[in-house]
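In: make a model of this:
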Amino acid sequence: MHSVPDSGKPTIFGVLRPIDWLLLAVPVAFAIRYVPGWNHQTLLFLISGVGIIPLAGWMGRATEHLGERAGPGIGGLLNATFGNAAELIIGLMALSKGLTGVVKASITGSIIGNILLVVGASLLAGGIRYPRQTFNQTAARISSTSLSLAAIGLTIPTIFHWSAAATPAGWSPDSEQKLSLAIAGLLLVTYLLWLLFSLVTHKGLFNGEDDGDPENDAWSIGRSTLILAGATILVAFMSEFLVGSIEAARHALGLSEVFVGVIVVATVGNAAEHSTAVVVALKNKMDLSLGIATGSSIQIALFVTPVLLFASYFFGQPMNLEFSLPEVVAVGVAVAILVQICGDGECNWLEGAQLLSVYLIIAVLFYFLPESTQEPMPNSAPKVLNEAKP
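Out: Predicted coordinates:
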């Protein structure tokens, strides 16, 4: 998780930034949740979602300062591991409530959002100020290739489901679960290789530009740990409020589970990084801006996804990696567009506007998409039943 400071009022914890005013939502969420007569589920869903945004930003700042104290190697590992801690916490809370559909939708939503929404907004904002912006073409291509491989891994279980259902042997939930476990393990191994490449053997490609932090010295280890622990605890509470009110809120607002996961939950979890990527793009630091967006997507696909799948077994409701056809297509389209943009090493505002247009089209698709029943396809169900007969 990258953090770039904005001008603001110095405090005992550092520089108070404009986004930190959203911290006022945290006590309001607690009041809605615990004060008798105030417990309005839809309002709790909205307010707790707002509260997560600045808390995720503080988690990122604390992690970066810890990394500066620990040195480049450990610091890079800390940032890579905890870069998507807010999304991971939200996912774990959703799994504890049995909302595996929301978890899977938030995974694809985070990947789609980082590529189309974050990169699109960054290219548009930076391109308006600078007619032509450039970035490290090699680093961008490596990141986009990593995302392409991750997208392939995430779409294979869906392809398996559709292909196996059309064969005489039929579709087996047990086989699909084992396939998902195998792919999750391979994604995690790929993530470790990506860390080795980006932090050790070719770290020069991913150093990017200096973010120009106005805070002269890194926070002390104690201060960083205290802030990280406090922000993490509050994110856990906000996530529990958010997840606990999803069902009531989405019915009240007329939203499907997949729309809430792909658009709402994914945006909330990534909002702090979204703003950071746009800020550095406005400073003509496109290597850092693209690194934030693509790095976050890689972490979601290769690290957060396997961790959530393995964790689902501890909650007694194993999750698989089968996604809906619209999600698979949306991820594929997003990655394909990113590969094209990274091909020439330069960008402009029109490319940003085009990415945002694609994101809005996908958002409209998921808004009108009927609720999924999450059941096996009709032509595969009889075959599964027949396998169970003696």
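In: confidence score at Ile362?
Out: The per-residue pLDDT reported for Ile362 equals 95.
In: ignore what I typed, I meant Asp174.
Out: 82.
In: how many neighbours does it have?
Out: For Asp174, the number of neighbouring residues by other CB atoms under 10 Å comes to 9. For glycine as for every other residue, the C-beta is placed from the backbone atoms N, C-alpha and C.
In: which ones are touching Phe30?
Out: Taking CB atoms under 8 Å, 6 or more residues apart in numbering as the criterion, Phe30 is in contact with Phe237.
In: do you know how far it is from Ala229?
Out: With the distance defined as CB to CB, to the nearest Å, Phe30 ends up 18 Å from Ala229.
In: now swap in Ser220 and tell me
Out: In this structure, Ser220 and Ala229 are separated by 14 Å, where distance is defined by CB to CB.
In: now Leu325
Out: In this view, Leu325 and Ala229 are 42 Å apart by CB to CB.
In: contact partners for the nearest residue to Ile156 once chain neighbours are set aside?
Out: Nearest-residue entry for Ile156: Ile183, 6.0 Å, with adjacent residues in sequence omitted and distances by CB to CB, 6 or more residues apart in numbering. With contact set as CB under 8 Å, 6+ apart, Ile183 has these partners: Gly153, Leu154, Ile156, Pro157, Leu321.
In: format those as a markdown table; extra columns: secondary structure.
Out: What follows is the contacts of Ile183, written out as a markdown table (DSSP: H, G, I helix; E, B strand; the rest coil):
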| residue | secondary structure |
| --- | --- |
| Gly153 | helix |
| Leu154 | helix |
| Ile156 | helix |
| Pro157 | helix |
| Leu321 | coil |
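In: and the residues you listed, which two are the farthest apart?
Out: Between any two of these, the greatest separation by CB to CB is 8.8 Å, found for Gly153 and Pro157.
In: what touches both of these two?
Out: Overlap between the contact sets of Gly153 and Pro157, as judged by CB under 8 Å, 6+ apart, is given by Ile183, Leu321.
In: tell me the strands in the stretch 251-390 of the chain, going along the chain?
Out: Chain-ordered strands for the stretch 251-390 of the chain, with DSSP state E, counting those that start in this stretch as the definition, fall at 346-347.
In: that one: helices as residue ranges?
Out: Assigned helices in the stretch 251-390 of the chain, in chain order: 257-259, 266-282, 286-299, 305-314, 325-341, 349-368, 381-388 (criterion: DSSP state H, counting those that start in this stretch).
In: same deal with the stretch 1-150 of the chain?
Out: Taking DSSP H, counting those that start in this stretch as the criterion, the stretch 1-150 of the chain carries its helices at 25-34, 41-70, 72-82, 85-96, 100-112, 119-129, 137-165.
In: just name the most buried of the ones you listed.
Out: Burial of those is given as mean neighbour count (mean count of other CB atoms under 10 Å); helix 100-112 ranks first at a mean of 27.
In: now the contacts of Ile183 as TSV including pLDDT?
Out: Compiled in TSV, those are given as follows (pLDDT from 0 to 100):
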residue	pLDDT
Gly153	87
Leu154	86
Ile156	90
Pro157	88
Leu321	91
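In: can you pull the contacts of the closest residue to Leu46 other than its chain neighbours?
Out: Distances taken as CB to CB, 6+ apart put Ala249 closest to Leu46, at 7.5 Å, once the chain neighbours are dropped. Taking CB under 8 Å, 6+ apart as the definition of contact, the neighbours of Ala249 are Gln41, Thr42, Leu44, Phe45, Leu46, Leu255, Val260.
In: A helix includes Ala249, no?
Out: Yes: looking at Ala249 with three-state DSSP, it is inside a helix.
In: show me the shaky parts of the stretch 201-350 of the chain.
Out: Scanning the stretch 201-350 of the chain for pLDDT under 70 picks out 206-217.
In: quick one: the residue minimising distance to the centre of the chain and Ala140, what's the gap?
Out: Computing the C-alpha centroid of the chain and ranking residues by CA atoms, centre = their mean puts Ser110 first, at 3.6 Å. Using CB to CB, one obtains 19 Å as the distance from Ser110 to Ala140.
In: do Val262 as well
Out: The span separating Val262 from Ala140 equals 25 Å under the rule CB to CB.
In: swap in Ser180?
Out: Ser180 sits 30 Å away from Ala140, taking CB to CB as the criterion.
In: one more: Glu87?
Out: 23 Å.
In: same check on Leu234?
Out: 35 Å.
In: try Ala94
Out: Plainly put, Ala94 is 32 Å away from Ala140 if you go by CB to CB.
In: cool, and Ser48?
Out: On the measure of CB to CB, Ser48 and Ala140 end up 35 Å apart.
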